[in-house]
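Colleague: Sharing a model that was predicted from the sequence below.
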Amino acid sequence: METKKTVWLRAFFLKMLVTCSRCDQWPSPTDIKKSESDTLQTVLSLLQQHIIDQDVKMKNLAEELSAVKKMLSQCDVTTSSSKTIEPMDTLNSTKPEKGGDMTVPSSTSTSSTTTVTPSTTKAPRIIGSRGSEFLILFMMNHPFAHGNLTIYLTSIDETTVKILTSPHLNTNIKLVNNFTSSFTLTLPRDIVCEYLTVEPKGLILQTSELSTVTIFDRFYTSSNDGTLIIPTQKLSNKYIISSTDPNRYSQFAIGALYNRTTVEITFKFKANTPLTIQGKSYSDGDNFTVILERFETLQIAHTTEPL
């Protein structure tokens, strides 16, 4: 297809020929050369302007493409997985209890099981720290701590909350509850992680509406450590852990959201003081690998230097 500029150029030459054919006398060779020169100069200017216009268009397209890529990278992408946790619409037949606060007593559970089914519900857009699913664990605070362990939930809309635990956990914490605005759940201290031990002490909390979850670990009456829990939709599989010279322990903990989760840790020790895990000694630069099942936790602690 001819562009407007191409058509204009063709019309320009045609007009020049028609004008010459009407002249009483043909122009001299000098005039012809000058006319050709002027015409070519005009064509060159048009082509140069055309190139500049195309370059501007390309730059604009590149900027638009960059903006689209940036917007796309900020979007939350939800993918289907065979490891999807059962959706909220598969809640058990137990009728939810109304209320805002609940305390779970210590007890034993021997035969409870959790069924994992694929999710068909479209996941809501996650904004900030709000979400609909959270992986929770309580790290060892102090060997003699005996304060409360508390989960505090807030939501704008009326919400159904469900807590799932491992069938191997000795404490029965499974519950379904409805709440409006806020809900507080107090847990027994025997779900606190032990040092350097694989245990089924992780909790998975699901909500029917977007919610914010904060946990508190009270040590005696003098302190109350709080942690804002990140939704599972925003978790990653690679982390850099920082620490300082410890007064007692330098530590971190890991929880598994899925079965057969392979965890690889590369240790960085300041003074290369060995750390013994499961009967094996690890030094600076060594790699530790462990496979965790869903709900299993592992807390790593070092008593002499930063990890």
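Modeller: Structure's in. What do you need?
Colleague: can we go C-alpha only for contacts and neighbour counts from here?
Modeller: OK.
Colleague: the longest helix in the protein is where?
Modeller: The single longest helix within the chain, with elements called by DSSP state H, is helix 29-74.
Colleague: Give me the below-cutoff pLDDT ranges for the stretch 101-250 of the chain.
Modeller: Low-confidence segments of the stretch 101-250 of the chain (pLDDT under 70): 101-126, 143-146, 220-222, 246.
Colleague: Strands along that one, start to end?
Modeller: Secondary structure of the stretch 101-250 of the chain (DSSP state E, counting those that start in this stretch): strands at 101-103, 131-136, 149-155, 159-165, 175-179, 182-187, 203-219, 223-228, 250-255.
Colleague: which of those sits most buried?
Modeller: strand 131-136 (a mean of 24; mean count of other C-alpha atoms under 10 Å).
Colleague: now for that one, which elements pack on it?
Modeller: strand 203-219 (3 or more C-alpha pairs under 8 Å, 6 or more residues apart in numbering; DSSP states H and E).
Colleague: can you pull the alpha-carbon coordinates of the strand it packs on into CSV?
Modeller: What follows is strand 203-219, C-alpha atoms only, in CSV (Å, rounded to 0.1, in the frame of the first residue of the first chain):
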residue,chain,number,x,y,z
LEU,A,203,-0.6,-24.9,61.0
ILE,A,204,-2.4,-23.9,57.8
LEU,A,205,-5.1,-21.2,58.3
GLN,A,206,-7.6,-20.6,55.6
THR,A,207,-10.2,-17.8,55.4
SER,A,208,-13.2,-17.4,53.1
GLU,A,209,-12.5,-13.6,52.7
LEU,A,210,-9.2,-11.7,52.5
SER,A,211,-7.8,-11.3,56.0
THR,A,212,-4.7,-10.2,57.9
VAL,A,213,-3.1,-12.6,60.4
THR,A,214,-0.7,-11.7,63.3
ILE,A,215,0.7,-14.1,65.8
PHE,A,216,1.9,-13.2,69.3
ASP,A,217,4.3,-15.2,71.6
ARG,A,218,4.2,-14.0,75.2
PHE,A,219,7.3,-14.6,77.4
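Colleague: can you list the strands of the stretch 101-250 of the chain in CSV and add distance to Thr30?
Modeller: Listed next are the strands of the stretch 101-250 of the chain as CSV, based on distance: least, C-alpha to C-alpha, whole Å:
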stretch, distance to Thr30
strand 101-103, 101
strand 131-136, 82
strand 149-155, 87
strand 159-165, 91
strand 175-179, 95
strand 182-187, 93
strand 203-219, 83
strand 223-228, 86
strand 250-255, 89
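Colleague: Which one, of those, ends up nearest to Thr297?
Modeller: strand 250-255 (4.4 Å; C-alpha to C-alpha).
Colleague: what is the mean pLDDT for the helix or strand just after the closest one?
Modeller: The first helix or strand that comes after strand 250-255 along the chain, using DSSP states H and E, is strand 261-266. Strand 261-266 carries an average pLDDT of 96.
Colleague: residues contacting the closest residue to Thr154 other than its chain neighbours?
Modeller: The shortest distance from Thr154 to any non-neighbouring residue, by C-alpha to C-alpha, 6 or more residues apart in numbering, is to Ser182 (4.3 Å). Contacts for Ser182 were tallied using C-alpha atoms under 8 Å, 6 or more residues apart in numbering; they are Gly100, Tyr152, Leu153, Thr154, Ser155.
Colleague: any idea how far Ser182 lies from Met140?
Modeller: Computed with C-alpha to C-alpha, to the nearest Å, the distance linking Ser182 and Met140 is 26 Å.
Colleague: Over to Pro188?
Modeller: For Pro188, the distance to Met140 - C-alpha to C-alpha - is 13 Å.
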